[in-house]
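Novice: My questions are about this predicted structure, shown below with the sequence.
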There are 2 protein chains.
Amino acid sequence: MACKKTRIAKRIHVWSRRASSRARLSDQPWCDEVFPEPQEAAASADLVVICSPVDFIVQLYKEIKPALKPHALVTDVGSTKSVICRQANSGGADQEHFIGAHPMAGSEKTGMDFADEDLFLNNPCIVTPLENSDDSAIHRVVQFWKSLGAVTFVRTPEDHDEIVAHISHLPHLIASSLCQFLDKKPGHWEQLSSSGLRDTTRVAAGDPTMWKAIIETNQEEIKRALSQYQDELQRIHSALTNGNMLEIISILEKGKQFRDRLS
Amino acid sequence: MACKKTRIAKRIHVWSRRASSRARLSDQPWCDEVFPEPQEAAASADLVVICSPVDFIVQLYKEIKPALKPHALVTDVGSTKSVICRQANSGGADQEHFIGAHPMAGSEKTGMDFADEDLFLNNPCIVTPLENSDDSAIHRVVQFWKSLGAVTFVRTPEDHDEIVAHISHLPHLIASSLCQFLDKKPGHWEQLSSSGLRDTTRVAAGDPTMWKAIIETNQEEIKRALSQYQDELQRIHSALTNGNMLEIISILEKGKQFRDRLS
């Protein structure tokens, strides 16, 4: 939808795993053609965007690779990057085909009903080439995401994974664990909650299977971030035990400083 | 504003600590009269609502008490209740005067510029009488909050404090500690964040002084809730260490179940 709106593609070819989704896609004004096999959809493309869950991206890339045109480029939207980018480029000589990307956009909702042609507008998109990726290929992928309105950043896949472990995956696990903790409490408690709890936990409504795959492909970085965050909570626990309100207000103030910058 | 809109008061008398606020209040169409002293504002009232930070509520109540009419009622909007309700009613004979309340509404923003006449509409309000509170007084306070559109619940101050420690104060501390943790990381990281992190941490932009007072008056319950939540995070940490993805997906699924019910 964003490609059609911004007119950056002459034709948009689409493949989707489920026949029911392909049937619905055929009726979409932004779809020029829908194919029953991924290789067919990718065959005449200059640029391919793989938008599957993270644990299918490399497999899909390997499937379409033999069908790609010589200078075709492939990018993706996966939330983790090291495993994907390293495995996708493990073939050797043809590594200029795949330049990973992670547009930081979307919500806890999934599926075509929540599609939004302005999804990428003014949102960050991290492009993650390898050390030996082709400069012009990197440039083309960056330009693609810029054309959709994204604010692009270039990072190594490893830097990407460390950063999003902190700013996306850890916050997700914090929200999920808070929800499953409160799920054990009496049912009438949740009736008393308000917008604060709803906002704090919104991301926990995300698809568990999709998020399990994200966590699985970024386990080490998430574990490191989580350990450090656990130390921070322990500092609060100690401050409460000791009645150290100076420590508490310092945490609240530093937290507010950071949050005010995000707005 | 909500009282004026719902026409539940014949006259609305207001006091505010700061002279500059009192001057602005005089121009508000919903204010019938502004007084320089709290006793004067409360003197002719049938119902008084104390809306100060939690650590000033009891003090204000004790100040206005000698000026109150015999059957005048006092309620409040404090986020913690045990300390306030027990101390307010420690005088003995005249305990029918004070029935605490906690409307679960508002945002991280404070001050008159963010006032909203529909703030209480369809939001929970917990009314917290003591064991020996007068039934008709409880009824009047409940009716007051219902008239403003709130969904009312009656709980003991101690039950209230346990519940909100879990559904409001713990989520706040989690958000604040996540923000102050991320505040230590390289500044360019936060540029890559998106709506997920913004929503998860919104409450951390709240006023630190106000929240320090809330935490200080509910330390024990918050500490208990935090301890249990720390155990939940440790379960996630162990699951990541052991590569136990079944445990991770179970947490994500239970978290989603709870969150879907909140919507």
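Specialist: That came in fine, so what should we check first? Residues are numbered from 1 along each chain as shown, chains lettered A, B, ... in the order given.
Novice: Please name every helix or strand in contact with the host helix or strand of A:R22.
Specialist: Using DSSP states H and E, A:R22 sits in helix A:19-26. In this structure, helix A:19-26 packs against strand A:13-15, strand A:33-35, with contacts taken as 3 or more CB pairs under 8 Å, 6 or more residues apart in numbering or on different chains; DSSP states H and E. The C-beta positions use only the backbone N, C-alpha and C, and glycine is treated the same way.
Novice: Residues contacting the last one, please?
Specialist: For strand A:33-35, the surrounding residues in contact (CB atoms under 8 Å, 6 or more residues apart in numbering or on different chains) are A:11-16, A:22, A:25-26, A:41.
Novice: What residues of the helix or strand following it count as buried?
Specialist: Using DSSP H and E, the helix or strand that directly follows strand A:33-35 along the chain is helix A:38-42. Of all the residues in helix A:38-42, those buried under the rule 16 or more other CB atoms under 10 Å in any protein chain shown are A:38, A:41-42.
Novice: For chain B, state which of the residues you listed is nearest.
Specialist: Among the buried residues of helix A:38-42, A:P38 lies closest to chain B (CB to the nearest CB), at 26.4 Å.
Novice: Would you mind listing the residues in contact with the closest one?
Specialist: A:15, A:60, A:63-64.
Novice: Show the buried residues in these.
Specialist: Among the contacts of A:P38, those buried by neighbour count (16+ other CB under 10 Å) are A:15, A:60, A:64.
Novice: distance of the second one from chain B?
Specialist: In this case it means A:L60. Per CB to the nearest CB, to the nearest Å, A:L60 is found 21 Å from chain B.
Novice: Check which helices and strands the strand or helix carrying that residue sits against.
Specialist: Assigned by DSSP H and E, A:L60 belongs to helix A:54-64. In terms of contacts (3+ CB pairs under 8 Å, 6+ apart), helix A:54-64 is packed against helix A:38-42, strand A:47-50, strand A:73-76, helix A:82-88, helix A:208-216.
Novice: For it, buried residues please.
Specialist: Neighbour counts using 16+ other CB under 10 Å place A:54-55, A:57-58, A:60-61, A:64 of helix A:54-64 among the buried residues.
Novice: Domain map for chain A?
Specialist: Taking automatic domain parsing as the domain assignment, the ranges for chain A are A:2-156, A:160-262.
Novice: What is the end-to-end distance of the first one?
Specialist: In domain A:2-156, first residue to last residue: 26 Å (CA to CA, to the nearest Å).
Novice: Burial check on A:S133, number of neighbours?
Specialist: A:S133 sits with 21 neighbouring residues when counted by other CB atoms under 10 Å in any protein chain shown.
Novice: What sits closest to it if chain neighbours are left out?
Specialist: Sequence neighbours aside, A:I99 is the residue nearest to A:S133 in space, at 5.9 Å (criterion: CB to CB, 6 or more residues apart in numbering or on different chains).
Novice: Now do that neighbour, the pLDDT please.
Specialist: We have a pLDDT of 96 for A:I99.
Novice: pretty sure it contacts A:V141?
Specialist: Yes - if you go by CB atoms under 8 Å, A:I99 and A:V141 touch, sitting 4.2 Å apart.
Novice: Mind listing the shared neighbours of these two?
Specialist: Taking CB under 8 Å, 6+ apart as the contact rule, A:I99 and A:V141 both touch A:73, A:75, A:127, A:129.
Novice: In PyMOL, how would I select the buried members of the residues you listed?
Specialist: Per 16+ other CB under 10 Å, the buried members of those correspond to this PyMOL selection:
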select buried, chain A and resi 73+75+127+129
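Novice: how about the shared contacts of A:I99 and A:V141 in a markdown table, adding distance to A:T201 and pLDDT?
Specialist: Putting the shared contacts of A:I99 and A:V141 into a markdown table (distance: CB to CB, whole Å; pLDDT from 0 to 100) gives the following:
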| residue | distance to A:T201 | pLDDT |
| --- | --- | --- |
| A:L73 | 38 | 95 |
| A:T75 | 32 | 97 |
| A:V127 | 31 | 98 |
| A:P129 | 35 | 96 |
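Novice: which non-adjacent residue is nearest the residue of the stretch 1-150 of chain A found nearest chain B?
Specialist: Going by CB to the nearest CB, chain B is nearest to A:M104 of the stretch 1-150 of chain A, at 4.0 Å. Excluding the flanking residues, the one nearest A:M104 by CB to CB, 6+ apart is B:S194, at 4.0 Å.
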